[in-house]
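S.K.: have a look at this prediction, sequence included:
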Amino acid sequence: MIIAEKKATLKSLVYASIGFALLFGIFIAFTNGIWYALIAGPITGALWGLMMYLFVNARKVKDQTIPEGVEASDVIYSGGANHFKNAEAVGGTLYLLSDHLAFKSHKFNIQNHTLTIKINNIQDIIFYNTLGLIPNGLKIILKDGAEEKFVVNHRDIWKKNIQKLIDQSNSKIA
């Protein structure tokens, strides 16, 4: 699972770097000309991608996103995630444990926080597309009607594992 998460993160960073290079290249083309943009766009995209890769894999960031009291053996599934809090996509790590989901942000956000969602409090799990285009959104609907939105890699795996725990929780109650 860790290798799959690293591949997905690398793939996302490559796509983001290409997008950044294209957008920055278009901007530079209008301000400095097409020939300058053809050189500056790919270079800045590659540098941006490298900086993001180093940030995502930094030991300090990984240490900041481990919730208190969570041991590696308790984790069923985990991965980098953004949690939407107001208008900010807060970066951090999402953990699936036997009885709850735990999100902990890294310290490089404006709205640092930890979020815990009990498995028996989840009503539904829905996929959505970020920005209406990118198929990486996971919406958790709680029994009280509240919604928590996340951007994750492998949302199908997240949903399958969460649903499995919900089903186990419901069978214990019945």
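M.R.: Structure's in. What do you need? Residues are numbered from 1 along each chain as shown.
S.K.: lowest-scoring secondary structure element of this structure by mean pLDDT?
M.R.: Within the chain, judged by mean pLDDT, DSSP states H and E, the helix or strand with the poorest mean is helix 59-64; its value is a mean of 72.
S.K.: which other helices and strands contact the helix or strand that it is followed by?
M.R.: Downstream of helix 59-64, the first helix or strand assigned by DSSP states H and E is strand 75-85. Judged by 3 or more C-beta pairs under 8 Å, 6 or more residues apart in numbering; DSSP states H and E, strand 75-85 is in contact with helix 2-32, strand 88-97, strand 100-105, strand 147-152, helix 155-173. Just so you know, the C-beta spots here come from the backbone N, C-alpha and C atoms, and that holds for glycine as well.
S.K.: in its sheet, which strands sit next to strand 75-85, and in what direction?
M.R.: strand 88-97 (antiparallel), strand 147-152 (antiparallel) (DSSP bridges).
S.K.: export that strand to PDB, keeping only CA atoms.
M.R.: Presented in PDB, the C-alpha positions along strand 75-85 are these (Å, rounded to 0.1, in the frame of the first residue of the first chain):
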ATOM      1  CA  VAL A  75      -3.400   1.900  10.800                       C
ATOM      2  CA  ILE A  76      -5.500   0.100   8.300                       C
ATOM      3  CA  TYR A  77      -4.900   2.600   5.500                       C
ATOM      4  CA  SER A  78      -3.300   6.100   5.300                       C
ATOM      5  CA  GLY A  79      -2.200   8.600   2.800                       C
ATOM      6  CA  GLY A  80      -1.700  12.300   2.000                       C
ATOM      7  CA  ALA A  81      -4.900  14.200   1.900                       C
ATOM      8  CA  ASN A  82      -6.400  17.700   1.800                       C
ATOM      9  CA  HIS A  83      -9.400  18.400   4.100                       C
ATOM     10  CA  PHE A  84     -11.600  21.200   3.000                       C
ATOM     11  CA  LYS A  85     -12.100  23.500   6.000                       C
END
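S.K.: what are the buried residues along that strand?
M.R.: 75, 77, 78, 79, 80, 81, 82, 83, 84, 85 (16 or more other C-beta atoms under 10 Å).
S.K.: kindly report the same for stretch 36-45.
M.R.: 37, 40, 41, 42, 44, 45.
S.K.: now do stretch 92-110
M.R.: 92-97, 100-106, 109.
S.K.: greatest separation within those: which pair is it?
M.R.: 97 and 109 (22.3 Å; C-beta to C-beta).
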